[in-house]
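> What follows is a predicted structure for the sequence shown.
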Amino acid sequence: MTKQDLVAAAANATGVTKRQASEVLEALLGTITKALKKGESVTVTGFGTFRVSKRAKRMGVNPRNPEERLQIPAMKLPAFKAGKTLKDAIR
């Protein structure tokens, strides 16, 4: 399912225009992104939790030259943990 499919489904389910549904989706995604940038987690009860995961620096191997070792820097990554209701719905 693409973003446009999601917008169309939300518009049909709520009776609003696709443009309005798209604006709401953009606002929702923007709000989640801003919270994650601040290091906050976002919990949608029954759906799941978006959070920032920290990955430590590590050594890697250059795929073009397997004998060359590379230092991969530490970084922050977005992560999602599904809630119980979502897990049960999929099972």
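Now that the structure is in, tell me what you want to look at.

> okay, now V44: neighbour count?
13 (other C-beta atoms under 10 Å). Every C-beta, even on glycine, is put in place using the N, C-alpha and C of the backbone.

> ditto for the one 4 residues further on
Residues near G48, counting by other C-beta under 10 Å, number 17.

> what's the spacing between it and K81?
Counting by C-beta to C-beta, to the nearest Å, the separation of G48 from K81 is 6 Å.

> so how far is the top helix by length along the chain from its chain's centroid?
Ordering each helix of the chain by length in residues (DSSP state H) puts helix 18-37 first. In terms of C-alpha atoms, centre = their mean, to the nearest Å, the centre of helix 18-37 is set 12 Å apart from its chain centre.

> Then stretch 46-60?
On the basis of C-alpha atoms, centre = their mean, stretch 46-60 sits 11 Å off its chain's mean C-alpha point.

> do stretch 12-22 as well
22 Å.

> could you give the mean pLDDT of that stretch?
Across stretch 12-22, the average pLDDT comes to 96.
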